[in-house]
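K.L.:
Everything below, folded, please.
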Amino acid sequence: MQTRFPAHVRASAEGAAVERIVRKCVHCGFCNVTCPTFQVRRDELDGPRGRIYQIKGAIETGAVPASLQSHLDRCLTCRACETTCPAGVEYGRVLDFGRELAERAVPRGAPERLLRRALRAVLPHPGRFGALLGVGRTLRPLLPATLKAMIPSAQAAGPRPTARHTRRMLLLAGCVQDALAPRINAAAQRVLDQLGITLETAPAAGCCGAISHHLTATGEARDFMRRNIDAWWPQIAAGAEAIVVTASGCAVQVKDYGRLLADDPVYADRAARVSALARDLSQVIAAEDVAGLTPARDAPRRIAFQSPCTLQHGQRLSGVVEGLLRRAGFELLPVADGHLCCGAAGTYALLQRELSHELRGRKLDNLAAAGPDLIATANIGCLHHLEAAAPVPVRHWIELFDPVAA
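P.N.:
Prediction:
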């Protein structure tokens, strides 16, 4: 694609990178075939190719229409288009650049600003989110059915391992996960304990920064990243092997710290080190001798696996979890259109409810088609989103190996 980016855009490292990426686009349209929003809306402007055209036009002309912001808001950031693109277009980076451009140029209405600020003020902060969730659980009997479905029952994490192994790794506890489903991280600690690995947490670490990043609060996102780096650094210096992330959405973000903080003179090197150490939980377990791992006593055997976009497109780890499940004796049922997003996408389910629910309905139809006893996934956002409407239980895949019965 031919570009004429202004000199002041090309002068910045990210602007120059975006121009190089846009020039790779060959107009083929393969991206639209795997774009969830294009599949639903059938609007070229709500597909990756159309969004790239709109961003390119805004950069070159300096005119940013309000419609651009709307089309970019409707993008799930699933990055299925990147997996499909034969030219290797890094659409996610172009999208981030376009969103920041639109955010600066197009004022949002007061209700939308307040909602987005409220999400940033609550979701990334475990204490605030946990307190609000507690209130919701107390009031749950009085709520309408649609809201009841969004508030899961409380669950016990179960006992944490007490053994101290020579091998040590860090665990990103995250922000909402321990409040919504505390058993996930605890199960990861118990499973890795069986493999001779101690999974430690850094109390000062918190949200990975993805929520702020995708809501175009770039400075705030970087502050979360820096806080995590500071929290982890003493344990990294002491020999921690890896930073283990149980939520695939957070894993994508942490793996990108090096790029996102590349221009920070204080944190650039440490951010690159953190990115190099970051591992999705599936990568860690797949690299070990898992012959001794057996299915949890309460785990059903007929499973439909929902591979989150952040696992298969963001991290390019398609088949890793599936391989672990099959090796353990689980029957993985076929799922049509497994590459398409479930509609969760972080805060998307709250900001784009109609599209999100349409995508969830399609995903659940495909997941349930072969009659599974359980749906497994690898990301807390997908789990919570699907669980609210699923006909069978939805659990994180690591829980299927948990030696402590639920």
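
K.L.:
what's the spacing between the nearest residue to Ala163 once chain neighbours are set aside and Leu293?
P.N.:
Nearest residue to Ala163, sequence neighbours excluded (C-beta to C-beta, 6 or more residues apart in numbering): Asp193, at 6.0 Å. In short, each C-beta sits where N, CA and C put it, glycine included. In this view, Asp193 and Leu293 are 12 Å apart by C-beta to C-beta, to the nearest Å.

K.L.:
same deal with Gly209?
P.N.:
Gly209 is 32 Å from Leu293, by C-beta to C-beta.

K.L.:
okay, these two: which has more neighbours?
P.N.:
Gly209 (27 against 17; other C-beta atoms under 10 Å).

K.L.:
so the more buried one touches Gln253, yeah?
P.N.:
Yes - using C-beta atoms under 8 Å, Gly209 is in contact with Gln253, at 5.9 Å.

K.L.:
Is the nearest residue to Ala369 once chain neighbours are set aside in a helix, a strand, or coil?
P.N.:
Spatial nearest neighbour of Ala369, chain neighbours left out: Ala336 (6.8 Å); criterion: C-beta to C-beta, 6+ apart. Three-state call for Ala336 (DSSP: H, G, I helix; E, B strand; the rest coil): coil.

K.L.:
how many other residues sit next to Ala336?
P.N.:
12.

K.L.:
Tell me the spacing between it and Leu101.
P.N.:
Distance from Ala336 to Leu101, by C-beta to C-beta: 37 Å.

K.L.:
Tell me, how many residues neighbour Ala163?
P.N.:
Neighbours of Ala163 using other C-beta under 10 Å come to 8.

K.L.:
what does His384 give?
P.N.:
20.

K.L.:
If you count neighbours, what's buried in stretch 337-354?
P.N.:
338-349, 351-352 (16 or more other C-beta atoms under 10 Å).

K.L.:
gap between the two ends of that stretch?
P.N.:
20 Å (C-alpha to C-alpha, to the nearest Å).

K.L.:
ok, now stretch 20-34?
P.N.:
23 Å.

K.L.:
distance of His339 from Gly88?
P.N.:
17 Å.

K.L.:
just Arg128 next, same as before
P.N.:
40 Å.

K.L.:
higher neighbour count, those two?
P.N.:
Arg128 (14 against 8).

K.L.:
Kindly format the C-alpha coordinates of the host helix or strand of the more buried one as CSV.
P.N.:
Assigned by DSSP states H and E, Arg128 falls within helix 126-139. This file holds the C-alpha atoms of helix 126-139, laid out as CSV (Å, rounded to 0.1, in the frame of the first residue of the first chain):
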residue,chain,number,x,y,z
PRO,A,126,-7.9,-5.9,42.9
GLY,A,127,-9.1,-4.4,46.2
ARG,A,128,-11.6,-2.1,44.6
PHE,A,129,-12.9,-4.8,42.2
GLY,A,130,-13.1,-7.4,44.9
ALA,A,131,-15.1,-5.1,47.2
LEU,A,132,-17.5,-4.2,44.4
LEU,A,133,-17.9,-7.9,43.5
GLY,A,134,-18.7,-8.6,47.1
VAL,A,135,-21.5,-6.0,47.1
GLY,A,136,-22.8,-7.6,43.9
ARG,A,137,-22.9,-11.0,45.4
THR,A,138,-24.7,-9.7,48.4
LEU,A,139,-27.4,-8.1,46.2
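
K.L.:
Nearest residue to the residue nearest to the spatial centre of the chain in space, ignoring adjacent ones along the chain?
P.N.:
Closest residue to the average C-alpha location of the chain: Gly249 at 1.8 Å, with C-alpha atoms, centre = their mean. Leaving aside its chain neighbours, Gly249 sits nearest to Thr310 (4.4 Å; criterion: C-beta to C-beta, 6+ apart).

K.L.:
mean confidence score for stretch 60-76?
P.N.:
The pLDDT scores in stretch 60-76 average 96.

K.L.:
Next: stretch 103-121.
P.N.:
96.

K.L.:
List of residues touching that stretch?
P.N.:
The contact list for stretch 103-121, computed with C-beta atoms under 8 Å, 6 or more residues apart in numbering, reads 58, 64-66, 68-69, 128, 211-212, 215-217, 220, 347, 350-351.

K.L.:
C-alpha coordinates for that stretch, PDB please?
P.N.:
C-alpha atoms of stretch 103-121 as PDB (Å, rounded to 0.1, in the frame of the first residue of the first chain):
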ATOM      1  CA  GLU A 103      -8.600   9.800  21.100                       C
ATOM      2  CA  ARG A 104      -6.700  13.000  20.900                       C
ATOM      3  CA  ALA A 105      -8.800  14.400  18.000                       C
ATOM      4  CA  VAL A 106     -12.300  13.300  18.800                       C
ATOM      5  CA  PRO A 107     -13.900  14.200  22.100                       C
ATOM      6  CA  ARG A 108     -16.100  11.600  23.700                       C
ATOM      7  CA  GLY A 109     -19.500  12.400  25.200                       C
ATOM      8  CA  ALA A 110     -19.700  12.700  29.000                       C
ATOM      9  CA  PRO A 111     -21.400   9.300  29.600                       C
ATOM     10  CA  GLU A 112     -18.800   7.400  27.600                       C
ATOM     11  CA  ARG A 113     -15.900   9.200  29.300                       C
ATOM     12  CA  LEU A 114     -17.300   8.500  32.700                       C
ATOM     13  CA  LEU A 115     -17.900   4.800  31.900                       C
ATOM     14  CA  ARG A 116     -14.300   4.400  30.500                       C
ATOM     15  CA  ARG A 117     -12.900   6.200  33.500                       C
ATOM     16  CA  ALA A 118     -14.900   4.000  35.900                       C
ATOM     17  CA  LEU A 119     -13.600   0.900  34.300                       C
ATOM     18  CA  ARG A 120     -10.000   2.100  34.600                       C
ATOM     19  CA  ALA A 121     -10.600   3.100  38.200                       C
END
